[in-house]
Structures are given as C-alpha cells and as structure tokens.
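In: Structural data only, the sequence is not supplied:
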C-alpha cells in the first residue's frame, strides 16, 4: 500500500505546516504497508530523523490512528524499540454500492481489513432514486451500528454507481441501466441518512468501473500504475489508470470503452452512435447471440453454460472477445498501458472472452506490454474500492481527518 | 506560462533544501508569466514573505537568470520597488527537429523568445542516421555560434523525431518514414557534436507529435490542460495531455491514433493490422483517393487544390475527416478531453478535414467538451516544443541548472 505519486502533496500547500501534514501521511502509509515497525525503522524508511518521527508518531497516537504494540520481537540488532502499528479502531472507510440488481455496504478499517459487510438483492432498474436511497440508508444504519460496536468511526462515505458521475463527485449524470439522469445523490443521502451515522459525513459518488480499477490499483498484487480496467455490469465500463492515478476526464466521463466504435456502420446503440462495443460484447448482445433470455441471473447462466461446453454460448463469448480486442486495440494505441485487467462481471467469463481478445490484439500488433490479466476481486471490486477510497483519504491527510471527526 | 501541477515538486525531495529549490522555480515562473514585477509583487503572488523572496531573488540574480530592470514606473501606490524580469541572456533552450523532408534548429531564451533559427530542406527518408546527424550538427554549430554572440548558453538539447521514442528519451525505437529502427540518437549526437557546443550538454529525444502538443500546452492561448493533439507529417500522430501533463505510456508509445482501427476488416496496414486510421487519413491514402502523386510538396498541393475548389481533392479530405471522426470517437470516449487540436501538417488542411470530423463526432454523441480547434503553430509546433522543453527544465529547477552550466 504505497502512496500514489504526489497525491498527499497535492492537498496541502508548500509550507512548514503543509510539510508536517505530508510527513504525517508518510508515517501512516509506511506503517500501513510495512508495519509493525519501530520509530527508528520508520525514520530510516522515510528519510527523516528519529526525533522528527517521534513527534509525528506522538500526534498520530493521540488521535488514535496508530497504536503502540509493545517491544519488538527479540533477535534484531540494537536496542529493541517499541513497535508501532496502524490502529484497528478509530477512523474507518465506509463504502456503498448501488447496483442494477443489488445494494451493498461495507466498513474497512485503517489496516485495510473488511470489518462489516451487508448486501441486499433488489431490482433497482427504473426505480425512484429516493426509494433506492431509503433502502441503502437501512443497510448503512446496520453498518453504523456494527462499526460503533467495534469502536470504528466512518470518516466518509463513498458510493459506487453504474453510471457517469460529474466531476463534482456527486451528480449521477446518466445511469442508463437504472434509468437515472442528473440525480444529486449526496443531497438525497444526507436527507435520509440514519441518526447512527456521524453528522456531516463527507460523501463522494463514483462510477463503479473507476472504483473497481482503484481496488485493483490499491489492493492487487503486483498491479502496475498504468493499466486499463475493463468491467461490466449490464453495459461495459472501463477505467484508465495512468502513473498510479485514475484518469477522470474533463467531465468525469473517461473510460467509456463500451462506446468505442468497433464497426462504424454496425447496429444502432442507444447512445446515438452505431457499432459501439456494447452492441457486440454487452450482456444483452451476448445473450442474444447465445440464444438466451436476459434476466436477473443471466450472467451466471452464461458462465455455467460455457463451462458445460455449450457451443453456442462459447461462440457468442468468442465473438464478444474479438470485438473487445478491436476496441482495446484503440485503447492500447492511444494509452500504451502496461496491462489490461478484466474485472467486474467479466472476470468469471474470462476463460472464454480472454483468448479471443488476446488473439485480436496480437493480430493487430497491439498487445499491452504485460498482456491481459483477470481481476481477483471480480464483482467485489467496486465496493472494496469505495471503502478503501475513504481509508486512503484518511491516510493522505491524517491531520485533516482528526480535525473533522 | 504557469507551472504544470506538481511538476517542479516532483523533481526534488520534501526537505528544506527541496522547498528552496521549488520556491526558486516559483519565482521564475511567476516572473516569466507576469514580469516585470517588484519583489513585493512576487511575494504576494506566491504567498511567501518579502524577505524570503528577496533571498531567492538574490540567488537568481547571481546566477544570471533574473535581471534588475530599475525602478517601477510611477503611479503605483507605495514606495516604488525595483522591477525584476527574466533575463534575456544566460541559459537558453536549444531545440532541433529531424523531419522526413527537413532539418531545423532553434534557440529560445528564458523569456520564451526565439533568438535564432536555422532550417535545411533535405530528404531524410531511408538515409543513414549518422549522415543525418552530421547535417544536423552543422546546423547546431551555426546556432551555437549565434547563441554565444548573444550571450546565450544552451542548457540542453531536445530533438523532435517522427517516430516512437523509448521511455529513456533517447532511443528512436521505430521511425517508419525515416526507415530507422533502434537508433541511439544521443550517442550519435554526442560523437558528432560541434566544439562550439557546451560539453556534456543534456540531450533528450522526443516524438514530434508529443512536442507539438507541448508547444500547444505551453504557448497556446487558452489551451486547456486536457486535450488530444492530432498532427501529421506522413503518418498520423497524436499526443494526449491530461491534467497539464503529457501521457507517455508504458513504453513511451501512447498517442498512436494513426493505428486505431476505423474498420476492423479494412485495408492492410504496414503495422500488421487492418483498417487503421492511417489507411483512410494518412497522406498517401488521401493523395491516392484524390488522384494525386506523392512527393515532396504533396501536402501543399492538397491544400492548394482544395482551396481552388477541386472536387476530387475535397471529397478525399472529407473521407479522411470522417475516418478521423471515427477514430476520435474512440479517443473521446476513453479520455473525455476538453478539446481536440488539429496541428502539424493537418492544420492547413483543417478547412476541409474539420467539418467532416466534427459531423462524425456529433453523430456519435462524442463531441469533446470544447470541440475541435486548429493549432496556430502548425508545422512549427514540434521545433518550438523542443526548445521550450529545455527552457522549462531550467525554470523547473533553476538551482539544478546553475550548478551544471
């Protein structure tokens, strides 16, 4: 768990006070990644004096973000120091997900452990946003009660949605599969927020593909800082990570791989264009080619049938994989990512999508430097990404957090 | 001329010494953008005390990067301060360009003024890199002599090439229109560098489309920090700028718009793929459709004929513009840039390319937030970008530069 380049720096001005806040962040990230460690070990890792680190650590102990774990285990050279670790109580990340077919929330502590999780299957397509948020608030209430029992205090709420979110990180501009347009989600949430939740909880809304990609960036093993993350719920989403940072785009709409033209004169797409990737590799297109009905468990059915050797299903996934390869050829030529990651609902279909996509990329001389990998988070990615986004905002500026909670 | 976010920060560690170097950079950028200014005015703009700014200014005056311009003009409130300005002598940027049909060099001072420029028409396609570099060295010698006469000292050399450059910013991995592969340009340059040039001059090599985009970013009026810059010499190149930074890609190959598939089963491309944008909008494709022969002045001929109303040429450019619109639809969906800029050799063809490209983007619901603009630098962009890249490396770390020259 390393800090993205400059992320903590960008928040605070270049003053003595700003330097102190950035150094607090470095202590937290170092202990989150490598702890437990003594003060001396932290000092040597971040290149500050032991005295400077002690002052920073005292502040972090007082605000409950670190804890003293007692003497280091013997066998090390030198006088044993007291080991420090990131606290398992105190500020925590609260993540939520509004899916087409479900709602979910989870709480992650500063150590990165999922401490509580609640989910509810519910069809949200075309439902009034207020009643969806009311159901979500009930789950949030449960999570808040459980968090309090474990001495955890949510430092913020991040909500994953299957749609385009404005740069304000609040407005759901367009979520076609929910049939939502211009919904001010934070206002609705604050109105319906349960009493158990801290007052004035900061809320951020984020596209689910973006959060899935961030989960991969932050939690994946050996995930590089440059990759394209392709996922799907009903449509096809993607997120672009460059130099360890999510590329959001001017309006917040970057990563719309599903509307990259595969054949300029192909079938009409609800977006107004023709021959978009979604018309070849979106869930409905694949089900149609496979001769299956769409419905709540259509994706599971696709994976089952393909695993059982159903030729029509396998052919449909091969066709989708080829179209994905054409769209990814454009992405690789424009972005030159190190890796492409198949995540979300596409991960379980990877055994049949991946070979066709890889073949198409290779045929077009556009294989990413490190090929295509399959996410190990699958459909859990967006929710994990949401909770960890809050955790990282705490690690990025521990002083800012302790002042507001 | 504002510093890109974090650029000066990223070079130096977060220590007192690093802070001093970053503040020196801020003083330089402030005076480059808004000078002449008094010490007090600089202090208020960058949020430091006047005493702190005076210390920084003294150091920059000693190293010859700033100059004292005498008392400010009267009529202002308060005691008149002495106005400071960026020096018109001392460290300077040396840029060079290796084109398919020409070589060029120029020297730009810290104020951003082009002080000397030399160009030679010469067909470089298929020529031995050593003899090309020998011709370039002769131009560099002229530029060095003229720079010395004007008390300018090149602080580095940046070379624009029409091909893919590795992340080492030295190896020309592939320049198909020169027929160069894996050429270590800095080694050749250092071997053939004229004696008039400073010893151990830092050399960086860069793709010409990237430097054209940087010229647009740094010198364009109202150019936003997020755009896709499309240019052409023989092939079609592009560069992606995100948050004021060039997106280079893992291998340095980002921005290859010319090989985004427009029709997956279209004509074979020398890159190994089929239906790439270059097969519809590259110079050879357009000339073929227009019924014209390729040759040294083919592009000028296209513009002339189109201006004269030649229907076949206009139709060919319309077809090319439509294909460009399809490829850009992919780019806009993936990147959500604020603007697309047509630059390089495409700029003079814009009156006939642009309407078709805009129409296609609109039809596909993929118009960039601020549409498509035409670069005012045209084919001068890469050379200007090269010289300014060196100027900015000086402004980014004035202390580093004064130590090495």
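Out: Done, it's in. Please read these numbers as outputs of a predicted model, since none were measured by experiment. Numbers count the residues shown, from 1 in each chain, chains lettered A, B, ... in the order given.

In: When you work out contacts or count neighbours from here on, use the C-alpha atoms and nothing else.
Out: Noted.

In: tell me the pLDDT at the closest residue to chain B within the stretch 101-250 of chain A?
Out: Chain B sits closest to residue A:249 of the stretch 101-250 of chain A, with a gap of 4.5 Å, by CA to the nearest CA. At residue A:249, the model reports a pLDDT of 93.

In: Three-state assignment for it, please.
Out: Put simply, residue A:249 is coil when judged by DSSP: H, G, I helix; E, B strand; the rest coil.

In: again, but for the one 4 residues further on
Out: With three-state DSSP as the basis, the three-state label of residue A:253 is coil.

In: Relative to the whole chain's centre, how far out is the helix or strand where residue A:394 lies?
Out: For residue A:394, the host element (DSSP states H and E) is helix A:381-396. Offset of helix A:381-396 from its chain centre (CA atoms, centre = their mean, to the nearest Å): 7 Å.

In: Can that helix be said to contact chain B?
Out: No. With CA under 8 Å from any CA of the partner chain as the criterion, chain B is not reached by helix A:381-396; the gap is at least 15.3 Å.

In: List the buried residues in that helix.
Out: Within helix A:381-396, the residues scored as buried using 16 or more other CA atoms under 10 Å in any protein chain shown are A:381-396.

In: can you check stretch A:360-376 too?
Out: Within stretch A:360-376, the residues that qualify as buried are A:360-368, A:372-376, counting by 16+ other CA under 10 Å.

In: list the contacts for the closest residue to residue A:248 other than its chain neighbours?
Out: Spatial nearest neighbour of residue A:248, excluding adjacent residues (CA to CA, 6 or more residues apart in numbering or on different chains): residue A:254 at 5.2 Å. Residues counted as contacts of residue A:254 (CA atoms under 8 Å, 6 or more residues apart in numbering or on different chains) are A:239, A:240, A:247, A:248, B:332, B:333, B:334, B:335, B:336.

In: So the third one is in contact with residue A:238, correct?
Out: No. The pair formed by residue A:247 and residue A:238 falls short of the contact definition of CA atoms under 8 Å, at 10.7 Å.

In: Which one's more surrounded, those two?
Out: Between residue A:247 and residue A:238, residue A:238 has the larger neighbour count (other CA atoms under 10 Å in any protein chain shown), namely 27 against 21.

In: which residues does the more buried one contact?
Out: Taking CA under 8 Å, 6+ apart as the test, what residue A:238 contacts is A:209, A:210, A:228, A:229, A:230, A:231, A:255, A:256, A:257, A:258.

In: Checking my notes, it in a helix, right?
Out: No. Counting by three-state DSSP, residue A:238 is not part of a helix but strand.

In: Now do it, the pLDDT please.
Out: Note for residue A:238: predicted pLDDT of 94.

In: Name the nearest residue to it, sequence neighbours excluded.
Out: Using CA to CA, 6+ apart, the closest residue to residue A:238 is residue A:230 (4.3 Å).

In: what packs against whichever strand or helix holds residue A:319?
Out: Of the helices and strands defined by DSSP H and E, residue A:319 is found in helix A:311-335. Where contact means 3 or more CA pairs under 8 Å, 6 or more residues apart in numbering or on different chains; DSSP states H and E, helix A:311-335 is packed against helix A:278-281, helix A:283-290, helix A:298-307, helix A:350-363, helix B:311-335.

In: Now do the helix or strand containing residue A:340, average pLDDT.
Out: For residue A:340, the element it lies in under DSSP H and E is strand A:339-342. Summarised as a single mean, pLDDT over strand A:339-342 is 96.

In: swap in stretch A:152-163?
Out: Stretch A:152-163 carries an average pLDDT of 94.

In: Check stretch A:223-231 too.
Out: For stretch A:223-231, mean pLDDT is 94.

In: So what would you say the end-to-end distance of it is?
Out: End-to-end distance of stretch A:223-231 (CA to CA, to the nearest Å): 16 Å.

In: Excluding its own residues, what touches it? List them.
Out: If you take CA under 8 Å, 6+ apart as the criterion, stretch A:223-231 is touched by A:209, A:212-213, A:216-217, A:236-245, A:257, A:337-347, B:249-250.

In: swap the cut-off to 6 Å and go again
Out: The contact list for stretch A:223-231 (CA atoms under 6 Å, 6 or more residues apart in numbering or on different chains) reads A:213, A:217, A:237-244, A:337-344, A:346.

In: try stretch A:282-302
Out: With CA under 6 Å, 6+ apart as the test, stretch A:282-302 has contacts from A:234, A:235, A:236, A:279, A:312, A:313, A:316.

In: The nearest residue to the fifth one once chain neighbours are set aside: how many residues sit nearby?
Out: Which is residue A:312. What sits nearest to residue A:312 in space, not counting adjacent residues and going by CA to CA, 6+ apart, is residue A:290, at 5.3 Å. By other CA under 10 Å, the residues close to residue A:290 number 20.

In: distance of residue A:290 from residue A:314?
Out: Between residue A:290 and residue A:314 the computed distance is 8 Å (CA to CA).

In: again with residue A:69
Out: For residue A:69, the distance to residue A:314 (CA to CA) stands at 54 Å.

In: In terms of neighbours, single out the busier of these two.
Out: Just comparing residue A:69 and residue A:314: by other CA under 10 Å the higher neighbour count belongs to residue A:314, 23 against 15.

In: what about the residue lying closest to the more buried one once chain neighbours are set aside, how many residues close to it?
Out: Spatially, and ignoring its direct neighbours in sequence, residue A:314 is nearest to residue A:306 (5.4 Å; CA to CA, 6+ apart). Around residue A:306 sit 21 other residues, with neighbours defined as other CA under 10 Å.

In: what's the neighbour count on the closest residue to residue A:202 other than its chain neighbours?
Out: In space, not counting the residues next to it along the chain, residue A:202 is nearest to residue A:156; the distance is 4.8 Å by CA to CA, 6+ apart. Look at residue A:156: counted by other CA under 10 Å, it has 24 neighbours.
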